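Chemist: Show me the folded form of this:
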Amino acid sequence: MAGPTGTLIEEETTDNGGSKKKLYSGEDYDGLFEPNAYLNTLYSDFVTGGPTASEITGALDYYHSLYSVGKIKGQRLLDVGTGPSIFNLISISKYFEEIYLSDFSAHNREVLEKWWKKEKISDWSWEWRERRPLGGAAR
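Modeler: This next block holds a predicted model:
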């Protein structure tokens, strides 16, 4: 059964013939979540005008309005559970000198490391382009 983008949810048959969804732990998440599927589905929709484009734009606008007030700022920020995406950090990048990314999943950390090393994993230019008019800092 398909779950949220990038995840897999399985149904198990119970003893009486019914079904129930399997509850996964954090260890399962590391093996089941597919960062590339998440990025390719969610963010390619934004570029092509797909179904999640307005949700992403709305989230980016929310982050900008939250951070542009100026009350959230400082020298260092630790983003816990970054995932394979940096879009939530674009609006805040100009308010912190250092931003540290973290994630439980080794696969997500690999994607973030590739981004940091400027290896080709996803085209993030649309995210930066979207934030420029609202004051998003460049990497």
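Chemist: and the spatially most distant residue from the centre of the chain, what are its phi and psi?
Modeler: Most distant from the centre of the chain: Asn16, at 39.3 Å, with distances by Cα atoms, centre = their mean. The phi/psi pair for Asn16 (degrees, to the nearest 10) reads phi -90, psi 10.
Chemist: got a pLDDT number for it?
Modeler: pLDDT for Asn16: 79.
Chemist: Begin at 559 from now on, thanks
Modeler: Shifting the count to begin at 559 puts that one at Asn574.
Chemist: So which residues of the protein form strands?
Modeler: Taking DSSP state E as the test, the strands found in the chain are 569-571, 577-579, 632-638, 654-660.
Chemist: Pick the most deeply packed of those strands.
Modeler: strand 654-660 (a mean of 14; mean count of other Cβ atoms under 10 Å). For every residue, glycine as well, the C-beta is placed using N, CA and C.
Chemist: how far away is the most centrally placed residue in the chain from Ser649?
Modeler: Centroid-nearest residue in the chain, with Cα atoms, centre = their mean: Ser643, separated by 3.4 Å. Distance from Ser643 to Ser649, counting by Cβ to Cβ, to the nearest Å: 13 Å.
Chemist: So for those two, which residues contact both of them?
Modeler: Overlap of the contact sets of Ser643 and Ser649 (by Cβ atoms under 8 Å, 6 or more residues apart in numbering) is empty.
Chemist: what's the closest non-adjacent residue to Ile650?
Modeler: Ranked by Cβ to Cβ, 6 or more residues apart in numbering and with sequence neighbours excluded, the top spatial neighbour of Ile650 is Tyr625, at 4.7 Å.
Chemist: Just to check, the one you found is in contact with Ser651?
Modeler: No: between Tyr625 and Ser651 there is no contact under Cβ atoms under 8 Å: 9.2 Å.
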